[in-house]
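Visitor: I'll drop the sequence and a predicted model, then ask my questions.
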Amino acid sequence: RHRRNTYYSPIYDKSTNLGNIMWIFEGKEFTSEMVGDSYSFVYLIINNVNGKKYIGKKVFKSKRKLPPLKGKTRKRIVIKDSDWQTYWSSSKIVAAEIAKYGRENFTREIISIHPDKREANYHELVLQIMLNVLEARDENGERIYYNENIERIYYPSKAYGPDRTSLVEVYKEKISKNLL
């Protein structure tokens, strides 16, 4: 039985032991005891077979508002642990790759930990733009990152320079000519 509007994939199946492949933070296994008051984190998933990566964010605790109890007016707020320990990604591409290669061929690394959702959103955005996750390519012209969008707003551009150079390179050239 699956929640409505939830993409089902074998990587979300908690009945297998492989769901417990650990998160790494600063070179060590990250455990629930280390969460403390932290709210969220930015992570990197690496496919150890082909080297492709995915950058995302996840919350440690989920917060839900419930209707008020009978006779009361205030909504109830329920905070509980999220599925962060068994979580892999919301990306359908990453889900397909994990189903293809197996979880044991992926590394999950926590890049940074944050006290609130706003900080995680900002750090994820900066990291994704800094690393050019939508356009970065390896020496064979293959994309380095699985990310298909940034904040579900920005998508890979179909616009390239005349010689198929990325927009980053095009703008670096323009900026250096005009601003320096």
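Guide: In hand now; what should we look at?

Visitor: In contact with the residue sitting nearest the centre point of the chain, which residues?
Guide: A centroid search over the chain (CA atoms, centre = their mean) returns residue 56, at 1.5 Å, as the residue closest to the centre. By CB atoms under 8 Å, 6 or more residues apart in numbering, the residues touching residue 56 are 42-43, 45, 89-91, 124, 147. Yep, even glycine has a C-beta here, placed from its N, CA and C like the rest.

Visitor: ditto for residue 91
Guide: With CB under 8 Å, 6+ apart as the criterion, the residues that contact residue 91 are 54, 56, 146-148.

Visitor: would you list every one of the helices in the chain?
Guide: Along the chain, the segments classed as helices by DSSP state H run 92-101, 117-130, 167-179.

Visitor: To residue 25, which of these lies closest?
Guide: Comparison of the helices of the chain against residue 25 by CB to CB identifies helix 117-130 as nearest, at 14.2 Å.

Visitor: what packs against the closest one?
Guide: Helix 117-130 is packed against strand 40-47, strand 53-59, strand 106-114, with contacts defined by 3 or more CB pairs under 8 Å, 6 or more residues apart in numbering; DSSP states H and E.

Visitor: Show me what the last one is in contact with.
Guide: Taking CB under 8 Å, 6+ apart as the criterion, the residues outside strand 106-114 that touch it are 21-25, 30, 38-48, 55, 88, 98, 120, 123, 127.

Visitor: Give the buried residues for that strand.
Guide: Neighbour counts over strand 106-114 (16 or more other CB atoms under 10 Å) mark 106, 108-111, 113-114 as buried.

Visitor: Redo those residues as a markdown table? Include pLDDT and distance to residue 34.
Guide: A markdown table is the format used below for the buried residues of strand 106-114 (pLDDT from 0 to 100; distance: CB to CB, whole Å):
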| residue | pLDDT | distance to residue 34 |
| --- | --- | --- |
| 106 | 95 | 21 |
| 108 | 94 | 15 |
| 109 | 94 | 14 |
| 110 | 93 | 10 |
| 111 | 94 | 15 |
| 113 | 92 | 9 |
| 114 | 93 | 14 |
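
Visitor: quick check, nearest of these to residue 78?
Guide: Looking across those and measuring by CB to CB, the closest to residue 78 is residue 114, at 21.3 Å.

Visitor: Many thanks, we can stop here.
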